[in-house]
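**Student:** Please work out how this folds:
(chains A, B, C and D)
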Protein chains: 2
Amino acid sequence: MVTINDVARAAGVAPSTVSYVLSGKRSISAETRRLVEQSIRRLGYHPHAGARALASSKTQVLALVIPLRTDLNVAVVMQFVAAVTTAARRHDHDVLLLTKDEGADGLKRVVGSALADALLVMDVESADPRVPMLLALDRPVVLIGTPDHATGLSCVDLDFQAAGAVAVRHLAELGHASAGLVGPSPAVYERGTSFADRFLRGFHQAAADAGLRAGARPCGHSYEQTRACLDELFAENPDLTALVVQNEAVLGPVLSDLRQRGLRVPEDVSVLAVCPDSMAGNHAVTLTTITIPADEIGELAVAMTMSQLGGEATPETRLLSPRLTRRESTAPPPR
Amino acid sequence: MVTINDVARAAGVAPSTVSYVLSGKRSISAETRRLVEQSIRRLGYHPHAGARALASSKTQVLALVIPLRTDLNVAVVMQFVAAVTTAARRHDHDVLLLTKDEGADGLKRVVGSALADALLVMDVESADPRVPMLLALDRPVVLIGTPDHATGLSCVDLDFQAAGAVAVRHLAELGHASAGLVGPSPAVYERGTSFADRFLRGFHQAAADAGLRAGARPCGHSYEQTRACLDELFAENPDLTALVVQNEAVLGPVLSDLRQRGLRVPEDVSVLAVCPDSMAGNHAVTLTTITIPADEIGELAVAMTMSQLGGEATPETRLLSPRLTRRESTAPPPR
DNA sequence: TTGAAAGCGATACCAA
DNA sequence: TTGGTATCGCTTTCAA
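**Tutor:** Residues are numbered from 1 along each chain as shown, chains lettered A, B, ... in the order given. Here you go, the predicted structure:
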């Protein structure tokens, strides 16, 4: 293995000088820098991460906690993971992957054994059992989502409450008098994953304000459950003319079930989807969407982590404003 | 921070003894073990990963390289990531996430700086530029997929060639005289991602053997591209009675386009999907599938890595036999 | 069955 | 602007 001493010897300088060339923590003459950098390249030197961590108490690693349930949300989670990893590399950090099932102990372990400098946590629940521990942990933490008692923790998320309102207002402006919400799966509500509740709140409030008749139902991810969900929505409100779908996984089933009911989109029913923009074109009718900007959120989360690591920032909550893009799937109601 | 010395002092033993209790590398009296373990718990001791890596030249970390394209394959990739991470933890290892765009240099960096003990690489191409470097790297490597010149590297994958054949034979046995393959996106073929070619080969060979008229087309993931793909397949073979879809992302579009053509599944057209079993129930008709056992592959990949790390194993290629589960979407052809 | 101590490869302080 | 060196926390050899 090539060590800093090898480089130092080759360049005819002290090991500490090599270290300083690498870290930029003190000024180096042009000539010395050249010599050192050349030796580094020639020898193919890479600093030993463990040694570095030991000496500096910095790992240059971010731990990212992802949900394990692979049946739902996958596209969003994946996009987010990709964004975080890419952004982390731009800041010269790597990403250690943890799964939610490791729980609070897993986080304690990773921090305790100095495997990571900071934590990014996805799929946070309203009363997330990990929150107290995260607060106790004296490390930068950024949550994707907004749990209830997170004062002291940084949070990033789409403003789902505003999104719910934006969805309703778009439909109201088109002239709809009613709207049904096809929500995330019941499990999501049961776990108290806050984005579902926040969207629902925005949805109902805006509906009340606009005088819309609104109904909402969670929706499991199988075709049968989707059909049942629509059955209920239509039973409650037979003259429904618009659906808001906050569940990417069932977009296909929703659209095909509507067709089987003899309902055309958007002529008979408008459909507004809450999902990444990239999914808008994957259906027979291009979808009006409120985008879930997973990569923006990921990048922002990393940026916030970095400034906390730099000591320049204190915890804060950032909610991104919803953006609606109108496409083919929404139109004025029939008649 | 709690160190091994703190634990040793609390337990009244030498630091080395604590180390041996932890590693099990020499026998310890019951009493000493009890004392040490108690101190560890009481103090909440976690060994410092960096220090450990420095002293032992082992990181207990596996690097996992994932593809970045988030539009395709996401479900499979995600399932795989989850499986690897979970399996790694069972073997007392963590997972460092790399993206494919880091390329060969990224791998060199990670190994060079001793960030990981072994590499798991997804999305390998036939003539993957990373292969030579992986061979040069003197570390355990397991590839998900099978590149061309990988002698010396371990590979795990579904036996896609056999899968192609199994698909055709199932349809032939049902009495079909023709079959169309809706393949992965053109980009996948262009990159020479080997699973696509292998499936295609098995598909064509088995079709020739069984006397089936077979056509195949790549398929982009948008609705428009899917419809175009089906257009071509039907143009080439107007009396097509069966489709094999090796592209989970377009299953929805394929099914709804068939309906728009007035074709019922399975009465008029049989559909056989190559995808994770968990997706079989997400459509109006439950799908006959050849499963992509992402979690099995992930677990196996980790197991192989571990035995290589243990020095018990030499590189080998393992192709999992395809498993077909018949559901509603395949049936004898009309008439 | 246990202890003492020499590294592992960096960083960063103290000097020059 | 540079060098020397103690130090980080652990593993493992050598001795007892």
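
**Student:** contacts, neighbours, all on C-alpha from now
**Tutor:** OK.

**Student:** can you tell if stretch A:174-191 touches chain B?
**Tutor:** No. Stretch A:174-191 lies apart from chain B when judged by C-alpha under 8 Å from any C-alpha of the partner chain; the minimum separation is 13.5 Å.

**Student:** can you list contacts of that stretch?
**Tutor:** A:125, A:168, A:171, A:196-197, A:211-221, A:229-230, A:233, A:239-247, A:331-333 (C-alpha atoms under 8 Å, 6 or more residues apart in numbering or on different chains).

**Student:** Give me the buried positions along that stretch.
**Tutor:** For stretch A:174-191, the neighbour count (16 or more other C-alpha atoms under 10 Å in any protein chain shown) marks A:176-185, A:188-189 as buried.

**Student:** Secondary structure added to those, as JSON lines?
**Tutor:** Listed next are the buried residues of stretch A:174-191 as JSON lines, based on DSSP: H, G, I helix; E, B strand; the rest coil:
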{"residue": "A:His176", "secondary structure": "coil"}
{"residue": "A:Ala177", "secondary structure": "coil"}
{"residue": "A:Ser178", "secondary structure": "strand"}
{"residue": "A:Ala179", "secondary structure": "strand"}
{"residue": "A:Gly180", "secondary structure": "strand"}
{"residue": "A:Leu181", "secondary structure": "strand"}
{"residue": "A:Val182", "secondary structure": "strand"}
{"residue": "A:Gly183", "secondary structure": "coil"}
{"residue": "A:Pro184", "secondary structure": "coil"}
{"residue": "A:Ser185", "secondary structure": "coil"}
{"residue": "A:Val188", "secondary structure": "helix"}
{"residue": "A:Tyr189", "secondary structure": "helix"}
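
**Student:** Name the nearest of these relative to chain B.
**Tutor:** A:Ser185 (13.5 Å; C-alpha to the nearest C-alpha).

**Student:** So which bits of the stretch 51-200 of chain A are right by DNA strand D?
**Tutor:** Proximity of the stretch 51-200 of chain A to DNA strand D, by C-alpha under 7 Å from any atom of the strand, involves residues A:51, A:54-55.

**Student:** And the residue of the stretch 51-200 of chain A closest to DNA strand D?
**Tutor:** DNA strand D sits closest to A:Ala55 of the stretch 51-200 of chain A, with a gap of 3.5 Å, by C-alpha to the nearest atom of the strand.

**Student:** in a helix, that's where that residue is, yeah?
**Tutor:** Yes. Assessed with three-state DSSP, A:Ala55 lies in a helix.

**Student:** what's the spacing between it and chain B?
**Tutor:** 9 Å (C-alpha to the nearest C-alpha, to the nearest Å).

**Student:** From A:Ala14, how far off is that residue?
**Tutor:** 17 Å (C-alpha to C-alpha, to the nearest Å).

**Student:** One more: A:Thr85?
**Tutor:** From A:Thr85 to A:Ala14 the distance is 35 Å (C-alpha to C-alpha).

**Student:** The two: which is more packed in?
**Tutor:** Each of A:Thr85 and A:Ala14 has its neighbours counted (other C-alpha atoms under 10 Å in any protein chain shown); A:Thr85 has more, 25 against 13.

**Student:** Name the residues of chain A found near DNA strand C, please.
**Tutor:** Counting by C-alpha under 7 Å from any atom of the strand, chain A sits next to DNA strand C at A:1-5, A:15-16, A:18-20, A:22-23, A:45-48, A:51-52, A:54-56.

**Student:** mind running it again at 10 Å?
**Tutor:** By C-alpha under 10 Å from any atom of the strand, the part of chain A that sits against DNA strand C consists of A:1-8, A:14-26, A:45-58.

**Student:** Among those, name the buried ones.
**Tutor:** Taking 16+ other C-alpha under 10 Å as the criterion, what is buried in the residues of chain A next to DNA strand C is A:4, A:6-8, A:15, A:17-19, A:21, A:45-54, A:58.

**Student:** For the residue nearest to A:Arg323 when sequence neighbours are not counted, give me phi and psi.
**Tutor:** In space, and not counting its chain neighbours, A:Arg323 is closest to A:Ile290: 5.5 Å by C-alpha to C-alpha, 6 or more residues apart in numbering or on different chains. Dihedral angles of A:Ile290 (phi, psi; degrees, to the nearest 10) stand at phi -100, psi 120.

**Student:** show me the contacts for A:Ile290.
**Tutor:** A:Ile290 sits next to A:163, A:167, A:272-277, A:322-325 when contact means C-alpha under 8 Å, 6+ apart.

**Student:** Also A:Ala51?
**Tutor:** Residues near A:Ala51 by C-alpha under 8 Å, 6+ apart: B:50-51, B:53-54.

**Student:** ok, now A:Leu135?
**Tutor:** A:152-153.

**Student:** For it, give its distance to chain B.
**Tutor:** Distance of A:Leu135 to chain B, computed by C-alpha to the nearest C-alpha: 17 Å.

**Student:** Go ahead and list the helix or strand containing that residue.
**Tutor:** Using DSSP states H and E, A:Leu135 falls within helix A:131-136.

**Student:** Quick check: mean pLDDT of the helix or strand just after that helix?
**Tutor:** Per DSSP H and E, helix A:131-136 leads on to strand A:141-144 as the next helix or strand towards the C-terminus. Strand A:141-144 carries an average pLDDT of 96.

**Student:** Closest one to chain A out of the contacts of A:Ala51, please.
**Tutor:** Distances from chain A to the contacts of A:Ala51, taken by C-alpha to the nearest C-alpha, are shortest for B:Gly50, at 3.8 Å.

**Student:** The closest one touches A:Ala114, doesn't it?
**Tutor:** Yes. The pair B:Gly50 / A:Ala114 is scored as a contact, 7.2 Å apart, by C-alpha atoms under 8 Å.

**Student:** Please consider this matter closed, and thank you.
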